[in-house]
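Undergrad: Fold the following and give me the result.
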Amino acid sequence: MLRGGTTIGFLERVIVVAAVLIGRWELLAALIAVKGLGRFRDLDAGAATERFIIGTLVSLIWAGAAGGVIALG
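TA: Sure thing, here's the model as predicted:
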């Protein structure tokens with residue numbers, strides 16, 4: 001399995017919330033690119049790839065929604 005997922009996920013969500021709050025959408029693109037490049041070699045196994053993609057999407061959606069709620073509130 002992929003190591004460091006909990007720490008990376010936490011930092012990812014913090015960055016997404018911050019990017020939404022300050023309106024810097026390019027930070028989201030950079031985050032996705034860096035995360036994909038960083039895990040590129042680890043994603044040879046099919047199960048790990050699916051877990052990575054689903055986990056990343058859920059994390060980004062959750063953090064984006066949290067940032068939007070904070071911004072609107």
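
Undergrad: contacts, neighbours, all on C-alpha from now
TA: Will do.

Undergrad: And residue 13, how far from residue 3?
TA: Residue 13 is 17 Å from residue 3, where distance means CA to CA, to the nearest Å.

Undergrad: which outside residues touch stretch 23-34?
TA: With CA atoms under 8 Å, 6 or more residues apart in numbering as the test, stretch 23-34 has contacts from 12, 15-16, 19.

Undergrad: Report the buried residues of that stretch.
TA: Neighbour counts over stretch 23-34 (16 or more other CA atoms under 10 Å) mark residue 28 as buried.

Undergrad: pLDDT averaged over it, what's the number?
TA: With pLDDT averaged residue by residue, stretch 23-34 scores 92.

Undergrad: Neighbour count: residue 13 and residue 3, which is higher?
TA: When residue 13 and residue 3 are compared for neighbours, residue 13 comes out ahead with 20 against 9, by other CA atoms under 10 Å.

Undergrad: The more buried one and residue 60 touch, don't they?
TA: Yes: counting by CA atoms under 8 Å, residue 13 does reach residue 60; the two are 6.7 Å apart.

Undergrad: Neighbour-wise, which one of the contacts of stretch 23-34 leads?
TA: Going by other CA under 10 Å, residue 16 tops the contacts of stretch 23-34 with 24 neighbours.
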